[in-house]
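1. Please work out how this folds:
(one chain, ligands or ions: 1)
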Amino acid sequence: MILSSASTFLVVLDADSTLIQDEVIELLADAAGSRELVADVTERAMRGELDFADSLRERVLTLAGLPDTVFAEVGRRIRPTEGVHELIAGIHAAGGVVGVVSGGFHELLDPLAADLGLDHWRANRLEVEGGYLTGRVLGPIIDAEAKAVALREWAAQRRIILSQTIAVGDGANDLRMMDAAGLAVAFNAKPRVKREADLVIENCNLSQVLPLLGLRG
Ligand SMILES: [Mg+2]
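-> Predicted coordinates:
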């Protein structure tokens, strides 16, 4: 895809195993002692074998009773993916916009979004009562359809046509936003996602997205 220098474009990235190297729900589950169960369910959901929303509720339920101080602890363990700063700087330098839509949680994504200089981001929210996680998700769940909706809404807000949007993701819940986007890039992805993407990046360095956009890496 070659973007004309005058055009504005939108790149929407998935968060877990795309923007960051981790699955945040697994880091939270570490603290709750439920990592083994949660990692197995996450793997199956990302391969597209389980309904994402149901499986997320099931996984979040195992976090009930954790103190909300877990967000700061887990935040320190999150590892941004190699090349993420170069990618965001390159997109911004070319006049583009960067969004992140996550099946994970605002509590962890918000500080990261500020650090990275994201233009848009959207995720689930964990319910907290009296300083402890209840094991419930607040509001509508960010599933595959909600990710596609976010991409379309951000494009509309910025008056960017859908053919000038790029979606980058690794899991089955990224497929609808990849379908909605002008260009679908599988990054560090599950086999099904690689099969359905326009382009596949095997090297886990996000700056590899830049040459695909006709931008210098
Ligand atoms: Mg992911």
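2. Pull up the residues of the chain that are close to the ion.
-> For the chain, the residues in contact with the ion (Cβ under 5 Å from the ion) are 14, 16, 17, 170, 171. (Each C-beta comes from the backbone N, C-alpha and C, glycine too.)
3. Tell me which helix or strand comes right after the one helix or strand residue 31 maps to.
-> Using DSSP states H and E, residue 31 sits in helix 24-32. Remark: after helix 24-32, the chain's next helix or strand is helix 35-46, criterion DSSP H and E.
4. hey, C-alpha coordinates of that next one in CSV?
-> The C-alpha trace of helix 35-46 is given here as CSV (Å, rounded to 0.1, in the frame of the first residue of the first chain):
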residue,chain,number,x,y,z
ARG,A,35,-2.7,-18.3,35.1
GLU,A,36,-2.8,-21.9,33.8
LEU,A,37,-6.6,-21.9,33.3
VAL,A,38,-6.6,-18.4,31.9
ALA,A,39,-3.7,-18.9,29.5
ASP,A,40,-5.4,-22.1,28.1
VAL,A,41,-8.7,-20.2,27.5
THR,A,42,-6.9,-17.2,26.0
GLU,A,43,-5.0,-19.4,23.5
ARG,A,44,-8.2,-21.1,22.4
ALA,A,45,-10.1,-17.8,22.1
MET,A,46,-7.3,-16.3,20.0
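5. Who are the packing partners of the very next helix or strand once past it?
-> Toward the C-terminal end, the helix or strand that comes next after helix 35-46 (DSSP H and E) is helix 52-61. Under the contact criterion of 3 or more Cβ pairs under 8 Å, 6 or more residues apart in numbering; DSSP states H and E, helix 52-61 touches helix 24-32, helix 35-46, strand 132-138.
6. Okay, angle between the longest one and helix 24-32 too, please.
-> Spelled out, that is helix 35-46. 170 degrees (axes from the mean of the first three to the mean of the last three Cα atoms, to 10 degrees).
7. And helix 35-46, what does it pack against?
-> Helix 35-46 packs on helix 24-32, helix 52-61, going by 3+ Cβ pairs under 8 Å, 6+ apart.
8. Please identify the most buried of the ones you listed.
-> helix 24-32 (a mean of 22; mean count of other Cβ atoms under 10 Å).
9. Mind jotting down where the strands sit in this structure?
-> 10-14, 97-105, 120-129, 132-138, 165-169, 183-187, 199-201 (DSSP state E).
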